[in-house]
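Asker: Next one to model:
(4 chains)
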Number of protein chains: 2
Amino acid sequence: MKPPRPTPRTITKRPATMAEVAARAGVSAMTVSRALKSDGAVSEETRRKILAAVDELGYVLDLSAGALSSKRTGFVAVLVPSINNSNFSDTARGITEIIESQGLQMLLGYTDYDMEKEEQLVQAMLTRRPDGIIVTDGRHTPKARRMLQSAGIPVVETWDLPADPIDHVVGFSNAEASRALVHRLYQKGYRNIGFIGGASRRDTRGADRRLGYTRAVEELGLPAGRTISFGNPPISMEQGGQAIVHLIQQWPDVDAAVCVSDLSAFGAIMECHRRGWAVPGRIAIAGFGDFEVSRWAWPRITTVAVDCRNIGLEAGRILLGALDDIQNERPPNPATLIVPFEVIEREST
Amino acid sequence: MKPPRPTPRTITKRPATMAEVAARAGVSAMTVSRALKSDGAVSEETRRKILAAVDELGYVLDLSAGALSSKRTGFVAVLVPSINNSNFSDTARGITEIIESQGLQMLLGYTDYDMEKEEQLVQAMLTRRPDGIIVTDGRHTPKARRMLQSAGIPVVETWDLPADPIDHVVGFSNAEASRALVHRLYQKGYRNIGFIGGASRRDTRGADRRLGYTRAVEELGLPAGRTISFGNPPISMEQGGQAIVHLIQQWPDVDAAVCVSDLSAFGAIMECHRRGWAVPGRIAIAGFGDFEVSRWAWPRITTVAVDCRNIGLEAGRILLGALDDIQNERPPNPATLIVPFEVIEREST
DNA sequence: ATCGCTTACGATATCGATAACAATCGGGCG
DNA sequence: CGCCCGATTGTTATCGATATCGTAAGCGAT
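Answerer: A predicted model of the protein is given here:
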């Protein structure tokens, strides 16, 4: 009895290799390799033959293999708290813009605002032997810190000013920014200022913003401790709406609220609309981050703006510089770049 | 004269190799490899010794090297139009959730709603020899299509229902969804419905939504052609605001507007607020995508909801299934999964 | 003609892991 | 007691590219 008809197997057309291209072009693999790098010294004619062979075979270079011999993977690991947050995705985009000009590829990971998760991700990323790594945080678990330090690659910490930098830094002080915002509200005449933020200490930037708020009200001699902690980061619009109600119920005399992000500020403002509380008449509301929604909401939302894309651009540039230093065996030269922030006053305060 | 103090060179502590771990643990490299995979058959005692050695040397597995011999890189390439769009970042997140359970890594790329850029990205991604690829589109340049087909790996097209699928599909008909929305507006009594979208044909999903609108107004015998095209995708809140003004000036009798996305709908509504045009009294406004802002804006925005994260989850699952089929030498089994959409009526219409 | 130098290319030895197969050891069983 | 078997571990040969060094040819200067 014959066996059943053989199942039609996938024609897993194994991708062509460089050797096959070489054979077809009548040259050695090494010459193909050179032809496919821009810097290779190859005569015009052989290059033509090689490119023709590449085209005929539909060959695409295998960088996984190349990475092994050249010891440069062309990866840049990037860790962000969340990709749904447009601030961070702007930064990621800035990084991409810079590094892709050098043929580098971003390896993106989400920490979910969690240092433990960050630690796992650092380990997972190092497994791919990236040429450099950019993290969105100045605080790490001891183990994560150790791994970053001993990885032997440039590290850039962004969005923060770490007390004890690992290597390079591109950031700003979230506390100072928040403090400046409170001062501005004070100048405008507000005297009972509350703060709305997340309940978790995982979000270190959020914690810093709260710290800046606390310092400012102390400095100014304003009533302190008027803070509402609500939910895990990222604080949503919904949570902003709930928090503002709590804030006003608990301290009916508050005349202004600083929110940990524009999203919660927006939620708060919309909840006030719904309840007929005028903004800023009954209560002024400010956010953080200058998200698109703050520029187009009505009232437009007072906020602290940071050029997120620029943070990415600068982090990318610094990383490229560091890679260049390594390439040319120059000594390492850790840099700290402080990017500016700006308090933008709009109709919500 | 002595030369200047030698510059302190980087201690580029070359990362430890598996062989070094093996030597330290007194076993062969192969045994280390087995110990570090979960499935490896290794006695408890040797595993202990090996893990100790790993710890002492701070060893992390080099997957680049592993990929070369095992012929599986553990990468899944994912192409999205934009990462700043929370719909797509939700999908990306869903994909990550599924694939990271299998130890796979996402390689993310942005096409900027541009098929040419997509083509370049496909090529760049294939260079990394991913085990599978997920794209957010049903239309591609001929070359991109050819590369995807001949890559010999599972392909999943999402967010669309391609007429001629390459392999697997997880999507829905943007045209149908848009059509359903217009019908719903009709039921509510609106008879002069306009459409606000991007000027570029690059955004194929946007074009499909416009198509659905056009079909619907034809079916219903409503005045047609009341569409405003404005700016390149992604259409921003600002552009939505500008477009609604044009729409109303051009056709003063419009009583409802369908926007290509919630973001432009939000911008339009806020512009109406500013001008004192009641929404939905003067004009009803609907969006697409069920973004967070639509749920918390006031009025809340009528929209078409799709479970974006779920698209990612399902795409991930289908991809894993396909990889499993390959592993077990089962025949390929291209699947098309149509995910539901839902018109959600809120106060803006 | 010789030398020196540049340009274009090939041969070989890796890079660091894993696949595939071989080897060893102990124990169960006829 | 001999044989077979499963569990554990080692050996060897890759995977597909690139680094490095070597070689041959071409060419101008002396």
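
Asker: which residues sit in contact with A:Tyr110?
Answerer: Under the criterion of C-beta atoms under 8 Å, 6 or more residues apart in numbering or on different chains, the neighbours of A:Tyr110 are A:79-83, A:117, A:121, B:93, B:96. The way it works is simple: take the backbone N, C-alpha and C, and place the C-beta from them, glycine included.

Asker: Up against DNA strand D, what does chain A have?
Answerer: Neighbours of DNA strand D within chain A, by C-beta under 7 Å from any atom of the strand: A:14, A:17-19, A:29-30, A:32-33, A:36-37, A:61-62, A:65-66, A:68-70.

Asker: Buried subset of the contacts of A:Tyr110, written for ChimeraX?
Answerer: Selecting just the buried residues from the contacts of A:Tyr110 in ChimeraX takes one command, with 16 or more other C-beta atoms under 10 Å in any protein chain shown as the test:
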select /A:79,80,81,82,83,117,121 /B:93,96
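
Asker: May I ask which of the contacts of A:Tyr110 comes out lowest in pLDDT?
Answerer: pLDDT is lowest at A:Ile83 among these; the value there is 87.

Asker: Nearest residue to that one in space, ignoring adjacent ones along the chain?
Answerer: The shortest distance from A:Ile83 to any residue other than its chain neighbours is 4.7 Å, reached at B:Ser89 (C-beta to C-beta, 6 or more residues apart in numbering or on different chains).

Asker: and the one you found, how far is that from B:Glu342?
Answerer: Taking C-beta to C-beta, to the nearest Å as the criterion, B:Ser89 is separated from B:Glu342 by 21 Å.

Asker: Doesn't A:Asn310 lie inside a helix?
Answerer: Yes - going by DSSP: H, G, I helix; E, B strand; the rest coil, the assignment for A:Asn310 places it inside a helix.

Asker: remind me which residues of chain A are low pLDDT?
Answerer: A:1-13, A:39 (pLDDT under 70).

Asker: Show me where it has its strands.
Answerer: Counting by DSSP state E, chain A forms strands over residues A:75-80, A:105-110, A:132-135, A:155-158, A:168-171, A:193-197, A:227-229, A:256-259, A:284-286, A:303-306, A:336-338, A:341-344, given from the N-terminal end onward.

Asker: Could you list the buried residues of stretch A:140-159?
Answerer: Buried residues in stretch A:140-159, defined by neighbour count with 16+ other C-beta under 10 Å: A:140, A:144-145, A:147-148, A:151, A:153-159.

Asker: check whether it contacts DNA strand C.
Answerer: No - using C-beta under 7 Å from any atom of the strand, stretch A:140-159 never reaches DNA strand C; the gap is at least 11.2 Å.

Asker: close to chain B, is that stretch?
Answerer: Yes - if you take C-beta under 8 Å from any C-beta of the partner chain as the test, stretch A:140-159 does meet chain B, through A:146-147, A:150-152.

Asker: Closest to B:Ser294 out of the residues you listed?
Answerer: Set against B:Ser294, the nearest of these by C-beta to C-beta is A:Met147 (41.4 Å).

Asker: Any figure for the gap between the closest one and A:Gly58?
Answerer: Between A:Met147 and A:Gly58 the distance, using C-beta to C-beta, works out to 40 Å.

Asker: again, but for A:Val32
Answerer: 14 Å.

Asker: In terms of neighbours, single out the busier of the two.
Answerer: Taking A:Val32 and A:Gly58 together and counting by other C-beta atoms under 10 Å in any protein chain shown, A:Val32 has the greater number of neighbours (29 against 14).

Asker: show me what contacts that one?
Answerer: By C-beta under 8 Å, 6+ apart, the residues touching A:Val32 are A:18, A:21-22, A:25, A:50, A:53-54.

Asker: circling back: restricted to helices, list the residues of stretch A:140-159 next to chain B.
Answerer: With helices taken from DSSP state H, the overlap with the residues of stretch A:140-159 next to chain B comprises A:146-147, A:150.

Asker: Out of the strands of chain A, which is closest to B:Gly74?
Answerer: Nearest to B:Gly74 among the strands of chain A is strand A:105-110; the distance by C-beta to C-beta comes to 11.7 Å.

Asker: so how many other residues sit close to A:Pro332?
Answerer: A:Pro332: 17 surrounding residues under other C-beta under 10 Å.

Asker: so who does it touch?
Answerer: Shown here is A:Pro332, whose contacts under the criterion C-beta under 8 Å, 6+ apart are A:154, A:167, A:322, A:325-326, B:10.

Asker: Tally up the residues packed near the spatially closest residue to A:Asn232 that is not a sequence neighbour, please.
Answerer: Distance criterion C-beta to C-beta, 6+ apart; nearest residue to A:Asn232, sequence neighbours excluded, is A:Ser200 at 4.9 Å. Here the neighbour count serves as a burial measure; for A:Ser200 (other C-beta under 10 Å) it reads 15.

Asker: Now do A:Ser200 against DNA strand D, distance only.
Answerer: The span separating A:Ser200 from DNA strand D equals 43 Å under the rule C-beta to the nearest atom of the strand, to the nearest Å.
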